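**Student:** need a 3D model of the sequence below.
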Amino acid sequence: MKLEGILLLGPTGSGKTPLGDHLERSPLWNRRCHHFDFGANLRAVVAGDGAGFFATQEIRFLRRVLEEGVLLEAEHFPLAARILDAFIARKGVHAADLLVLNGLPRHLEQAKAMERKIAVIGVVQLDCDAHTVAERLRCNSGGDRVQRADDAEALVTRKLVIYEERTRPLLDHYRSQGVRILKIPVGIKTQPAEIAARLCARWLPLK
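**Tutor:** Numbers count the residues shown, from 1 in each chain. Next up, the predicted model:
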C-alpha cells in the first residue's frame, strides 16, 4: 500500500511540529491526518521505546545523530524506514488518510528512498530567517520547545546550515516532479492555526 502525504519543510523552530499537531486534530480536505514527527519519534526510540525493535548499537548510533545534529545518510535510511513503518502500524494509517511528514525526508537521497513508500502530493514551506528562528526558539512560540537539548545555540546554527545545504534543495526536487508547493512566511508569533487557515484557503484538495 502506497500512502499519500504532505511534507512540512522549514528550518528548525519554524513551527513544523505545532502545525503537524494542529493538522492531526483538524482533518485536512476531509482526510484524517497523521502527523509523523520524525524527530519526536527518534527521541522516543533513543529514550527507550526502541527496545526490542533496534539493537543496542543502533540505538547508540541514533543517540549520536541526535546529539550531533547530523542527518541520516542513505546507508542508514533503513533505520528511518523502520521508525516510519512502526508509526504507520501504531496509528493504523489507511490509504484514505494523509500523512503529514515532518523531518523526513530531509535530503534528496532520503526523498528518493521514500518514494517507494509514500507519494508526496504537496509541500508546505515554512519560510523564516535565522533571526526569526532564534526569537521563536527563545519565546517558545510554538509551545513545543521545552527542555530540548538540541536547541543549544551551536546545534541550532549547525542545523540551519544543514537545512540550507541539504534540505532546501528538496523544493527544486519536488517542483521538478510537479508537486505543488505552498510557501508561507512565518513570523516570530505566527501560530499553527494561522498557517493551517492559509493552507486551506490557498490550496484546493490535493489529489
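**Student:** do you know how far His35 is from Asp49?
**Tutor:** As judged by C-beta to C-beta, to the nearest Å, His35 and Asp49 stand 17 Å apart. No exception for glycine: its C-beta is placed from N, CA and C like everyone else's.
**Student:** so for the two, which sits in the more crowded spot?
**Tutor:** His35 (22 against 15; other C-beta atoms under 10 Å).
**Student:** what lines up beside the helix or strand that contains the more buried one in the sheet?
**Tutor:** Assigned by DSSP states H and E, His35 belongs to strand 33-37. Using DSSP bridges, the strands paired with strand 33-37 are strand 98-102 (parallel).
**Student:** who touches the partner strand?
**Tutor:** Residues outside strand 98-102 that contact it (C-beta atoms under 8 Å, 6 or more residues apart in numbering): 3-8, 16-17, 20, 23-24, 28-29, 31-39, 88, 93, 118, 120.
**Student:** if I follow the layout properly, Pro105 ends up in contact with Leu170?
**Tutor:** Yes - if you go by C-beta atoms under 8 Å, Pro105 and Leu170 touch, sitting 6.7 Å apart.
**Student:** what is in contact with the two at once?
**Tutor:** By C-beta under 8 Å, 6+ apart, the residues touching both Pro105 and Leu170 are Leu7, Ala111.
**Student:** who does the residue nearest to the spatial centre of the chain bridge with?
**Tutor:** The chain has Asn102 as the residue nearest its centroid, 1.3 Å off, counting by C-alpha atoms, centre = their mean. Using DSSP bridges, the beta-bridge partners of Asn102 come out as Leu8, Asp37.
**Student:** which residues in this protein form helices?
**Tutor:** For the chain, the helices defined by DSSP state H cover 16-25, 38-44, 56-68, 77-91, 108-114, 130-139, 153-162, 170-176, 192-202.
**Student:** what comes up buried for the fifth one?
**Tutor:** Just to be clear, that refers to helix 108-114. Glu109, Gln110, Ala111, Ala113, Met114 (16 or more other C-beta atoms under 10 Å).
**Student:** what residues does Lys91 make contact with?
**Tutor:** His34.
**Student:** could you dump the buried residues of helix 108-114 to CSV with distance to Ala74 and pLDDT?
**Tutor:** Shown next, in CSV, are those (distance: C-beta to C-beta, whole Å; pLDDT from 0 to 100):
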residue, distance to Ala74, pLDDT
Glu109, 4, 95
Gln110, 7, 95
Ala111, 11, 96
Ala113, 7, 94
Met114, 11, 93
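**Student:** can you redo those residues as a markdown table with distance to Val133?
**Tutor:** Listed next are the buried residues of helix 108-114 as a markdown table, based on distance: C-beta to C-beta, whole Å:
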| residue | distance to Val133 |
| --- | --- |
| Glu109 | 25 |
| Gln110 | 22 |
| Ala111 | 23 |
| Ala113 | 28 |
| Met114 | 25 |
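**Student:** right, I'll leave it there.
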